[in-house]
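Undergrad: Predicted model follows, preceded by the sequence.
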Amino acid sequence: MIAILKVITPLLCWGGMMLSLARGIGSGPTLLAGGCGALFLTGSLLPLLVPSPLLVVAFKGVTAAAFAILWLASIGGIHGAGGEARVGHAAGPLAGRGGAFLASLLAGAGVGCILVPAGGVAQPMALMAAAVAGVSLAVAGAFAGRFLPRWFAPSGTGLWALILALLLCIASSSPRLDLFSPLTMRVMKFIHDFVHQFFESMLLPDHPFIRPRVWEYIGILFSSGVGFWGGVVLFFAPVGFIATAIRLTPLPSVAHIRRGAERRLLMASYIRQRRHQQAAPILAAAVLSLAIYQSRFPSVDYWDPAPVKVTADAAGKILIPEKGEPEIGDGRMHKFVYSHGGTEARFFVLAKEDGEYAVTLDACSICKPEGYGQGESALICYYCKTLIPLDTVGKPGGCNPVPLPFRREKGGVAIDAPLLLRSWDETVQATAGGGGERR
Amino acid sequence: MKRAVSLLISPRLPAAVLAVFFLIYCVAAFGAEEPLLVLMKLTRENLPLLLVLALLPLNAALRLLSGLRSMGSRLRVMRGGGRGEIPGGIFAEEVTIGAGADLGLVKERLAGEGFAVRGDASSLAAWRGVPFIPLHRLGALLIFSGILLSLAWRQSIKLPAIEGEPLAWPAGGGALVEKIGLQESDGAILSRTLAIHLRDAGGGRTVCGIYPPARYAGAYVYPRYLGIAPFLRFKAPGMEREMESYFLISIYPPGKEDFAVIPGTPYRIGLSIAPPLPEEDPFISGRMELAVRILKGDELLQAGTVPLGGRLAGKGSELSFLGLRRYVATDLVMDHGFLPVWGGVACYLLAVFICLPLRIFLPRVEMILVLRDGMTHTAFRSEEFGTKRGGLYHELLDSIEKGRSDH
């Protein structure tokens, strides 16, 4: 029952997709309900046949590719906007049905993935319940489409922007499927790399020589705000392009009509139709806003223990015992803090499924050191919301927490304190102090 | 050939080339941790991609040349008062009216509008404002050329510049680093000034600072970070003889600890600079105490602080802090793209701060009127963003046309 609650928003999005498709493509309701319902059913039951991680990757890959195609189509729309005069532009029946069926399969797969607990097994009953609900919504949507206002008839790129926005909203209901957070991360990464390469290429001096105030200004470029707003721009740009293209498309000529009143009425109806065409991109923008909201504020509780203070012995060794409080071998992340010479270095120990330990800083080399929380099968970076699969914790790179060398000895895990402080200092402190990331 | 040139000069070409690289970046972003580095490496090692990148400076050069050529042709026509042949395509509008104009009246009207007018009874050239110089195209040419040169041929090696040691190329030789000086600075961007004093074998001296980077042996000297290498003497039980050396370790700025490992022995010495006096930088003053931990494996033998010139002894080991050498971790970079990129940035700044205001406030407007075979041949071009002067041109044409109908 609780599992079903998780898919209420995705199912509502699916209902919205069916209503839009019912008005947007020229197929009869029976064919639409039958085809889309069957493919939703297939998609939602896929987790019973395909491993969930593979399905998640496939869902994200296909949705991202569709988004890239929408981007190209929207640019093409702007480019051709000054050309042929028209009002509305419907896709061919074959392309329309093909797109509708693919979207249905993806929506079903998305709902199915949300129902499978991360690292867990698919519950057939929950999947069946979601599939039945989805098929019912498909039938209801296909036939209810005719009761929508007549002016709402999304077509062309506007229709597909709305469908894709609803798919992205389904995706953002689960941190595992979400595409917005990885996008913001990649925007941040690009800006970071670009600034770094610019400094390198132009032989610009680094921290030891530059005034801290100047670093604070440069640090603005590395803030999560830049990644977030960059992601927002990339998310909304196609919808904006489509709305602009609709606005820029010339209206059909009425010069052949010699009666003034008739000419003006026809022109007014063309203008009205063109305004109604804007409904799809505007709705898509609203749905994308919801997707971004869900992505930024996921309804997931993360395990985030308070860091336990540790000390080092005279040789600079920090020993974390395996047994005791906390018990570090329980598969959960355990945070520690070591203070020395005014520096506080946070790190955590995690026992992975294979029995190996991972010891890492509670920070990565890209973001501000806001630390990590542990979800079902992944850590989340609180700063950029990137999910780090548990089996990759302990490996360097990207937003993964920075690994620390350690030894297993005397029933515990031993870490070199100077090395910890140096790693914290080199990786993190410039990020925390400069209002942004160290280069 | 003409088709190829029109393709190369097309304003859409840069967008297409950038789209290709953007696409490669997107693919790399999903498969690599460092997509920008992957893109750079791929471009550097792939001749077709380098050729695609080369289309950017080529396009900028062709568009710059084309713009300058038309500007030269127009200036020649204007200087000649509109006499002689007018090359096609250099004006935005060309209109012929089947009536002769009274050029005296036109001249008066245009002079009244602030135009400079030159001509005779059969032709007239009028202009006002400053021609727009396409510095932004020169900027694009320089920046893209710089990126291409840098990507294809940049070489870099890491060398520490250590006081008293030669800044040596791997092949050998090199100037002696006589002194490294660091000073606090109240500059707007840099908080410190650095001077690496080099003396070559012939006695020639060079001082390398922070920015702009100095050149040494054909390469730019790029200071990365500062370091202090303590000069230590150490002996301990089990060592055949005492060791005396300086250690390039990372202990600067104060608070960082690093280890000097004694090769061939189980000994390692944990060193850090003890907190200095407030407002004092040990790199500048040369005054410091070292916080020392002498370890044999993981066993702590001795710990304490040692002033410069002092020693720490106990449990058979003895450490003397004999001196220190400053060093600067530097990169020697050979990059022919460095200057073109900065040149391009300067061009863009000039374009934004000089050319753009000139175009907004003093836009160039040019007009030609030529009487030939009882007709008036006219040409017009305006660089203004609005259409005010274009309106004037059309008014003039209207009045000439009206003169014909009145007549």
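TA: Received it, and whenever you're ready, just let me know what you need.
Undergrad: Is any residue of the longest helix along chain A near chain B?
TA: Secondary structure assigned by DSSP state H gives helix A:52-79 as the longest helix of chain A. Yes. Under the criterion of C-beta under 8 Å from any C-beta of the partner chain, helix A:52-79 makes contact with chain B via A:64, A:68. C-beta: built from backbone N, CA, C; applies to glycine.
Undergrad: Could I get the buried residue list for that helix?
TA: Across helix A:52-79, burial judged by 16 or more other C-beta atoms under 10 Å in any protein chain shown covers A:52, A:55-56, A:59-60, A:63-64, A:66-67, A:70, A:73-75, A:77.
Undergrad: helix or strand right after it?
TA: Where DSSP states H and E defines the elements, the next helix or strand beyond helix A:52-79 is helix A:93-115.
Undergrad: Does that following helix pack against any helices or strands, and if so which?
TA: On a contact count with 3 or more C-beta pairs under 8 Å, 6 or more residues apart in numbering or on different chains; DSSP states H and E, helix A:93-115 meets helix A:2-6, helix A:8-24, helix A:29-45, helix A:52-79, helix A:124-144, helix A:156-172.
Undergrad: again, 6 Å this time
TA: Applying 3 or more C-beta pairs under 6 Å, 6 or more residues apart in numbering or on different chains; DSSP states H and E, one finds that helix A:93-115 contacts helix A:8-24, helix A:29-45, helix A:52-79, helix A:124-144, helix A:156-172.
Undergrad: measure residue A:244 to residue A:237 for me?
TA: Distance, residue A:244 to residue A:237, using C-beta to C-beta, to the nearest Å: 10 Å.
Undergrad: And residue A:165, by the same measure?
TA: Between residue A:165 and residue A:237 the distance is 13 Å, computed by C-beta to C-beta.
Undergrad: now do residue B:145
TA: Look at residue B:145 and residue A:237: by C-beta to C-beta, they are 31 Å apart.
Undergrad: Look at these two and report which has more neighbours.
TA: residue B:145 (22 against 14; other C-beta atoms under 10 Å in any protein chain shown).
Undergrad: how does chain A divide into domains?
TA: By the record's domain assignment, chain A is partitioned as A:2-182+A:224-296, A:308-433 (automatic domain parsing).
Undergrad: got those as CSV, with mean pLDDT and distance to residue B:58 columns?
TA: Below are the domains of chain A laid out as CSV (pLDDT from 0 to 100; distance: least, C-beta to C-beta, whole Å):
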stretch, mean pLDDT, distance to residue B:58
domain A:2-182+A:224-296, 87, 24
domain A:308-433, 84, 36
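Undergrad: Can you name the element that comes right after the biggest strand by length in chain A?
TA: When chain A is scanned for its longest strand (criterion: DSSP state E), the result is strand A:343-351. Sequence order places strand A:357-361 as the next helix or strand after strand A:343-351, per DSSP H and E.
Undergrad: so what does whichever helix or strand comes after that following strand touch, helix or strand wise?
TA: Per DSSP H and E, strand A:357-361 leads on to strand A:372-374 as the next helix or strand towards the C-terminus. Secondary structure elements in contact with strand A:372-374, counted by 3+ C-beta pairs under 6 Å, 6+ apart, are strand A:378-381.
Undergrad: Apart from its neighbours in sequence, what residue is nearest the most centrally placed residue in chain B?
TA: Centroid-nearest residue in chain B, with C-alpha atoms, centre = their mean: residue B:342, separated by 2.9 Å. Leaving aside its chain neighbours, residue B:342 sits nearest to residue A:202 (7.1 Å; criterion: C-beta to C-beta, 6 or more residues apart in numbering or on different chains).
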